[in-house]
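1. Give the three-dimensional model of this entry:
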Amino acid sequence: MAKKKRRHRLASTLGRVIGFFAASALCGVLVASLVVPAVGAAGFGISRSKSYFDSLPSELVVRPPSQSTKVLTADGQQIATFYEENRVKVPLDQISPFVKDAIVAIEDTRFYEHGGVDPQGILRAAISNLTKGGQQGASTITQQYVTNVLNETLLSADKGDQVILSGQKNIADKLREMKLAVSLEKKFTKDQILEGYLNIVFFSHEAYGIEAAARYFFSSTAKDLTLPQSALLAGLVNSPSFYNPAVNPEQSKARRDQVLDAMLALHKISQADHDAAVAAPIELKLSPGRQGCANAVMAPYFCDYISHLILNNPAFGATQADRERTLYRGGLTITTTLDSRLQAAAQEQVDGTAGANPDHWGASLVTIQPGTGKILAMAQNTVFLAQDGKFDTQLNFNVDAKDAQGNDLNGAGGFQPGSTMKPFTFAEWLNEGHKLTEEVDASKRVYPLGFPWKSSCGKVLGAYSTAQNNPTLGAADDLQNADEGYYRKMPANYGLYNSINTATFAEAAQLDFCGIQKMVDAVGLHSGLDGAQINMHQLGNILGAIGVAPVHLANAFATFANDGRYCVPIALADITDVNGGKLPAQAVECRDAVKPDVARGVNSVLQDVLKVGSGVYINPKVHTQVPVAAKTGTSNNNGSTWVVGYTSGLATASFFGDALEGQKRVGQNVTVNGVFYKRLDGYMVAGPQWANYMVKVAKLYPANPFPAPPPSMGSPSPSPSPKR
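-> The predicted model follows:
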């Protein structure tokens, strides 16, 4: 028995000696035999390996790793993040010293001594594998960094199928990794390599890099990680799934304690600190990533809108795939025009408009800043993802379905504006020299075929007919007002602030329709479905038959508020890339659209809407706090109702109605928030929604009184109005 044991020890010793010399020879040419069971099986001899090693490329292009894009309000509040890999890059001095010591202790104790490849580590691992079996690794932190950089480059180029995992590497892969590591050490300092490694390494599907890991597992930051937390995260990189503390807490704690032991052995921590950390329980405070607009902190539909603006813009990449890489991997900082204060107030208001059971009636608010075109708030009473008891849709009620180039904007396509279109005919009335209080014949309800409409540009006028199948061109056969008692002669301003259909047609009968067309075009109104021009030679469009997106209707009224200067609506105030370089945002772009005197005339009349006109029952407090003008609007079937109102500081479109059924739903005999309505009108639901919101936010953007129209337009003083 003794002889047998001696023979066994001799064989074992000889095996170790043979293994030692074999490993030493391999180290001489940097061949990591530990990667494969037998070097010869890979077809490499020692001399051939050295020749192959010399022929390998030695330059590694280190690009910034994929980083999360953050979307912010104008006042710096987070709206959302976009990412393929949840990563936030931080400098080394913003990472806890515990993290740096822990990762070196467990992954590469000789990191600060070797030149990228550690022969001692290779020899130690090779001997262990050759004599004891197993698959002990010997990759240095630098080598791991090289692998991560190579894989990240492939992933960023949508070549994830070419990524080679550690267990799949052959001799050629390992030699390439080694040579690149040696080259990298000549190009970067140790701290630069460690910083790069900690920012790129994978911790979990929710966390790439140490900052994201700190946020996800502990709701902390890399800078503030404690010793036990740092040790736990350092232990994760060896096997993020197996050592995940949220899934396998026992394995995670054992690995953490192993890291702490290694730190103690290297004298990076004291015995007392070690013991206290080992005794500490694992206390997680998970903060899952909120990727994309569906998980936005606020304003998911505005978030969706700005994402489409970027994905549709060739400035962010030649192809759709390029633009998606820019957004999801580029680490952009997108500062928008949104004001978080207004957004919170708008969201609260639309959520309360239809009550707990909205019955799929849509409510929306959108606010524009006159003079800049900045979108300050965009809200609707729906959720982006399905939830029990909630009205869900991913369509944005406030924007067009497509942009001017035909690119998708994911909008609902606009809603019939009804009487909110009337101010533009009235603006042309003043533009052509008519007076504010000039009398019009609102008793006229029929404009027969052959009526001499005016069109200096020679376009054919289409019909306005209450009969759905009436093919007559150029005729209005039975105009209706919302209430009886208004089929009579009246001042033009009285007809507008009381929203009298026959008064608007009486004005149009004296105007050049080409002038009305120019007025509507000048303030940016167009079809919300396809961006096409609203043909004002179709008589029905005088009263708002073509769907318009709320954001553009609000902006058209903002033109009046801005003394007739139109500004393009904008949402993207500033965009920087991962290096701080500027990318194309949306600059303020304004132009003269309406003569100032005309805008002032319209403003003078629309201020009376809330005082004595169609909006008198909305909320009397609004116009007593700040100078404000507004217009109500209702579609023929009462399925689309509006109030668009403005101060000199804010212009807001408030919509309530059928948002998803193609404007076919009838707003008659309906109950909203416990109140029965025989027929919905703009002042009933959309009105209070607008007023309650504006009372809260108007003071945040100080408003001045609107300049008075010139005396030559006549007195803007309102005539007495019967209660409606």
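
2. surely Ala181 meets Val146?
-> Yes - using CB atoms under 8 Å, Ala181 is in contact with Val146, at 5.1 Å. To be clear about C-beta, it is placed using only N, CA and C from the backbone, and glycine gets the same treatment.

3. quick one: contacts for Asp530?
-> The contact partners of Asp530, by CB atoms under 8 Å, 6 or more residues apart in numbering, come to Ala401, Lys402, Gly406.

4. Give me the nearest residue to Leu606, chain neighbours excluded.
-> Computed as CB to CB, 6 or more residues apart in numbering, the closest residue to Leu606 that is not its neighbour in sequence is Ala629, at 3.6 Å.

5. Of the contacts of Asp530, select the buried ones using a ChimeraX command.
-> In ChimeraX syntax, the buried subset of those is picked out as below (16 or more other CB atoms under 10 Å):
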select :401,402
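
6. Quick one: the contacts of Asp530 as JSON lines, columns for distance to Asn555, pLDDT and secondary structure too.
-> JSON lines is the format used below for the contacts of Asp530 (distance: CB to CB, whole Å; pLDDT from 0 to 100; DSSP: H, G, I helix; E, B strand; the rest coil):
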{"residue": "Ala401", "distance to Asn555": "17", "pLDDT": "97", "secondary structure": "coil"}
{"residue": "Lys402", "distance to Asn555": "17", "pLDDT": "96", "secondary structure": "strand"}
{"residue": "Gly406", "distance to Asn555": "21", "pLDDT": "94", "secondary structure": "coil"}
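
7. just the contacts of Asp530 now: which is nearest Asp681?
-> Lowest distance from Asp681 to those (CB to CB) belongs to Ala401, with 26.7 Å.

8. any idea how far that closest one lies from Leu660?
-> Going from Ala401 to Leu660 by CB to CB, to the nearest Å gives 12 Å.

9. Common neighbours of these two, please.
-> With CB under 8 Å, 6+ apart as the test, Ala401 and Leu660 both reach Ala412.

10. Go ahead and confirm His274 touches Leu264.
-> Yes - counting by CB under 8 Å, Leu264 is a contact partner of His274 at 4.5 Å.

11. name the element the residue sitting nearest the centre point of the chain belongs to?
-> Centroid-nearest residue in the chain, with CA atoms, centre = their mean: Cys303, separated by 2.6 Å. Following DSSP states H and E, one finds Cys303 within helix 300-311.

12. quick one: contacts of that helix?
-> Outside helix 300-311, the residues that touch it by CB under 8 Å, 6+ apart are 71, 79-80, 82, 293-294, 296, 316, 320, 323-324, 326-327, 334, 336, 338, 343, 375, 378-380, 384, 394, 396-399, 407-411, 571-572, 586.

13. of the residues you listed, buried ones?
-> Judged by 16+ other CB under 10 Å, buried ones among the contacts of helix 300-311: 71, 79-80, 82, 293, 296, 316, 323-324, 326-327, 334, 336, 338, 343, 375, 378-380, 384, 396-399, 409-411, 571-572, 586.

14. picking up where we left off before, export the contacts of Asp530 to JSON lines and append columns for distance to Val643.
-> What follows is the contacts of Asp530, written out as JSON lines (distance: CB to CB, whole Å):
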{"residue": "Ala401", "distance to Val643": "23"}
{"residue": "Lys402", "distance to Val643": "27"}
{"residue": "Gly406", "distance to Val643": "31"}
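
15. returning to what we had before: mind listing what the nearest residue to the residue nearest to the centre of the chain once chain neighbours are set aside touches?
-> Spatial nearest neighbour of Cys303, excluding adjacent residues (CB to CB, 6+ apart): Cys293 at 3.9 Å. Cys293 sits next to Ala80, Pro300, Tyr301, Cys303, Asp304, Ser307, Phe384 when contact means CB under 8 Å, 6+ apart.

16. right, and out of those, which lies closest to Ile122?
-> Ala80 (46.0 Å).

17. Could you measure from the closest one over to Leu227?
-> 34 Å.

18. got it, and Thr337?
-> In terms of CB to CB, Thr337 sits 44 Å off from Leu227.

19. between these two, who's got more neighbours?
-> Counted by other CB atoms under 10 Å, Thr337 and Leu227 do not tie: Thr337 has more neighbours, with 26 against 23.

20. so who does that one touch?
-> Thr337 neighbours (CB under 8 Å, 6+ apart): Ala74, Gln369, Thr372, Lys374, Ile375, Leu376, Ile570, Ala571, Leu572, Ala573.

21. at 10 Å instead, please
-> 73-74, 302, 306, 368-369, 372-378, 569-574, 585-586, 588 (CB atoms under 10 Å, 6 or more residues apart in numbering).

22. measure the residue lying closest to Ile95 once chain neighbours are set aside to Leu342 for me?
-> Nearest non-adjacent residue to Ile95, counting by CB to CB, 6+ apart: Ala222, 4.6 Å away. Per CB to CB, Ala222 is found 34 Å from Leu342.

23. what does His267 give?
-> Taken as CB to CB, the span from His267 to Leu342 is 57 Å.

24. more neighbours, these two?
-> Taking other CB under 10 Å, His267 and Leu342 do not tie; Leu342 has more neighbours (27 against 7).

25. shouldn't Phe316 be in contact with Tyr328?
-> No - Phe316 is not in contact with Tyr328 according to CB atoms under 10 Å; the separation is 11.3 Å.

26. where does the stretch 51-200 of the chain dip in pLDDT?
-> By pLDDT under 70, the low-scoring segments of the stretch 51-200 of the chain are 51-59, 125-138, 166-167.

27. element containing Met490, please.
-> Counting by DSSP H and E, Met490 is part of strand 489-491.

28. List the buried residues for that strand?
-> Met490, Pro491.

29. Check the offset of it from the chain's centre.
-> Averaging C-alpha positions (CA atoms, centre = their mean, to the nearest Å) puts strand 489-491 49 Å from its chain's average.

30. which residue packs closest to Glu152, ignoring adjacent ones?
-> Take Glu152 and drop its neighbours on the chain: the residue closest to it by CB to CB, 6+ apart is Pro65, 5.0 Å away.

31. sec struct for the one you found, please.
-> Here Pro65 is recorded as coil under DSSP: H, G, I helix; E, B strand; the rest coil.

32. That one and Glu211 touch, don't they?
-> No - judged on CB under 10 Å, Pro65 makes no contact with Glu211 at a distance of 11.8 Å.

33. which neighbours do the two share?
-> Common neighbours of Pro65 and Glu211, counting by CB under 10 Å, 6+ apart, are Arg87, Lys89, Asn199.

34. Tally up the residues packed near the last one, please.
-> Put plainly, it is Asn199. 25.

35. ok, now which ones touch it?
-> 64-65, 67, 87-92, 95, 145, 148, 208-212, 222.

36. distance of it from Val237?
-> 13 Å.

37. where do the contact lists of those two overlap?
-> By CB under 10 Å, 6+ apart, the residues touching both Asn199 and Val237 are Ile210.

38. on that earlier part again, for the strand holding Met490, what is the average pLDDT?
-> Mean pLDDT, strand 489-491: 97.

39. all numbers from here: first residue = 818
-> Understood, numbering begins at 818; the last thing we discussed is strand 1306-1308.

40. Given it, what are its sheet partners and their directions?
-> Strand 1306-1308 sits in its sheet next to strand 1256-1258 (antiparallel), going by DSSP bridges.

41. Show me how far the partner strand is from its chain's centre.
-> With CA atoms, centre = their mean, you get 50 Å for strand 1256-1258.

42. now stretch 963-981
-> Chain-centre distance of stretch 963-981: 27 Å, with CA atoms, centre = their mean.

43. likewise stretch 1117-1135?
-> How far stretch 1117-1135 lies from its chain's middle: 8 Å, per CA atoms, centre = their mean.

44. cool, stretch 1337-1346 as well?
-> Counting by CA atoms, centre = their mean, stretch 1337-1346 is centred 25 Å from the centre of its parent chain.

45. do the same with stretch 882-902
-> 8 Å.
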